[in-house]
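Engineer: sequence and predicted structure below; questions after.
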Amino acid sequence: MHLKKLKEKRAQLQEEMSKILKAAEAEERAMNEDEVQKFGDYEKEIKAIDETIAAEERARNLIKDDEPDSKDQGKEKDKEGQEAAEERAFSDFIRGTVEERAGGVQMTMTDNGAVIPTSIANKIIEKVKEMCPIYRDADHYHVKGTLSLPYYDESTGSITMSYATEGEDGESTSGKFTSIELKGFLARAITEVSKSLINNSAFDITSFVVRKMAEAISLFLEKELLFGTNDKMEGLRGITKKVTAGSATSVTSDELIELQESIPDRYQANAYWIMSKNTRTSIRKLKDGQGNYLLNKDASARWGYTLFGKDVYISDAMPDMAAGKRAIFYGDYKGLAVKTSEEINIEVLRETKARLHLIEVLGFVECDAKVQNAEMIAALDMKASA
C-alpha cells in the first residue's frame, strides 16, 4: 500500500511539472523564477520517491517468506470489504431496507434512527478538509476537556544577543510567555433528505449525504475559524499583525506587500491568501510599475490564482472590501490551534420528519479554535469610514 501511494504521488508530481512546462510553452516564454523553483522542487521529490521505491523493492527481494505481504494484502482487502459493506448498510438503512440487505454490518441504533458507520463519517471528515483548507491546515489537538497551550509573545520584547565583556553584567531580554485555553463548543448541522429522492434506486444516496453534510459543516467551520463568535470559538480574531488600508473600498499594491512582508520569512513557505471573490476581482485590476498584473491565473496553483507567488483561496465567509471590514488574511494557518473534543458525529433520524416525507441527517462537532502563534498570520482591515 505504501508503494502504491508513492507511485500515485510521483504521477501527481509529474503532472504538475507538465503543467508548468505547458504554461510556459503556451505563452511562448521561458519559465519564470517561481516556476523554475517549483519545477526543481518537484524534480527533487520525484528523485527521492524513486530512491525510496528502489530501496523498498530491494528490501522486499531479501525477504524469502512472502507471507507478511500476503497478510497485508489480506488486511487491505478486508478493510475495503468492510467499508463497502458499511456503505451498503448505510444506504439500505436510509432506503428502509436495512433488514434485507445489511451485509452483516450492525448499525448502532438510537431511539429515532441510527449512528452511521465510521467509514461514512471519515468520508465526511475528509470532504470537510477538502472544502475548508483553513481547517485542514490548522494545528489540530484531539483531546477532551480544557486544553492549555503555551503562547509566546514577542510584541513587547524578544530574546536578543549582544557582545559581552568579562566581568561586566548585562541586561536580560525576553518575550512574554502566556497561555491560551481551548474549550469545547458543541455545534450541529441538519440536512433534510426527501424520501422521493431516496426512493430513486439509481440515485447514489451515500455520496449525496456525504457531500451535503460536508458542505454544511465546512461552511460553519470556515466562518468560525476566520471570524469566530462572541463567547464561542475565537478563531483568527486573536491575531496581532494587522495592516489598515488607506481606503474603505480598495487596496493598493503597497498595502498588499506590507501585509505579506509582515510575516517572517521562516513562515512564508506554506503561506497563502484568503479573500472574497469580489476582492480578488478588484486586485486582479492592479498593475505594477511595468504594467504587469499583480494577480495572475496559474495552472499550477491550488486554486488557480497566485498573488506575489502565493496561492489565493476564495472563501464565501470573507466579506467584500467595505468600511471597517477585515477583507484579507495572509499567512501559514498552522498558527491557528483547533481542539476537537468530539470528532464529527453523524446520525440519521428516520421518524422525526416522517409526516413530511423527509429524513433528517444530523452532524455534531465539539471544538474550539484560537491563534497559537501570532507571528504566522496577518490580516488587512479596511479603513473605518470612506
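Structural biologist: Thanks, I have the structure now.
Engineer: name the SS class of residue 48, please.
Structural biologist: Going by DSSP: H, G, I helix; E, B strand; the rest coil, the secondary structure assigned to residue 48 is helix.
Engineer: sorry, that was for residue 366
Structural biologist: Strictly by three-state DSSP, residue 366 counts as strand.
Engineer: one more: the one 3 residues further on?
Structural biologist: Local secondary structure at residue 369 is given as strand here, using three-state DSSP.
Engineer: what's the local residue count around it?
Structural biologist: Per other Cβ atoms under 10 Å, the neighbour tally for residue 369 reads 29. The way it works is simple: take the backbone N, C-alpha and C, and place the C-beta from them, glycine included.
Engineer: was I right to think it contacts residue 226?
Structural biologist: No: contact criterion Cβ atoms under 8 Å: residue 369 and residue 226 do not qualify, at 9.7 Å.
Engineer: who touches both of these two?
Structural biologist: Shared contacts of residue 369 and residue 226 (Cβ atoms under 8 Å, 6 or more residues apart in numbering): residue 235.
Engineer: tell me where the stretch 101-250 of the chain has strands.
Structural biologist: Secondary structure of the stretch 101-250 of the chain (DSSP state E, counting those that start in this stretch): strands located at 108-109, 113-115, 139-141, 147-153, 176-182, 185-194, 241-244.
Engineer: of all those, which one is nearest residue 328?
Structural biologist: strand 241-244 (8.7 Å; Cβ to Cβ).
Engineer: ok, residues contacting stretch 240-253?
Structural biologist: 155, 255, 258-259, 262-263, 279, 282-283, 286, 288, 294, 321-324, 327-328, 331, 374-375, 377-386.
Engineer: in that stretch, what counts as buried?
Structural biologist: 241, 243, 245, 250-251, 253 (16 or more other Cβ atoms under 10 Å).
Engineer: what's the answer for stretch 357-364, then?
Structural biologist: Those buried within stretch 357-364 under the rule 16+ other Cβ under 10 Å are 358-363.
Engineer: which one of the strands of the stretch 101-250 of the chain lies closest to residue 350?
Structural biologist: Residue 350 sits nearest to strand 113-115 of all the strands of the stretch 101-250 of the chain, at 5.1 Å, using Cβ to Cβ.
Engineer: give me the pLDDT for residue 376.
Structural biologist: Note on residue 376: pLDDT of 94.
Engineer: show me the contacts for it.
Structural biologist: Listed by Cβ under 8 Å, 6+ apart, the contact set of residue 376 reads 263, 267, 271, 331-335.
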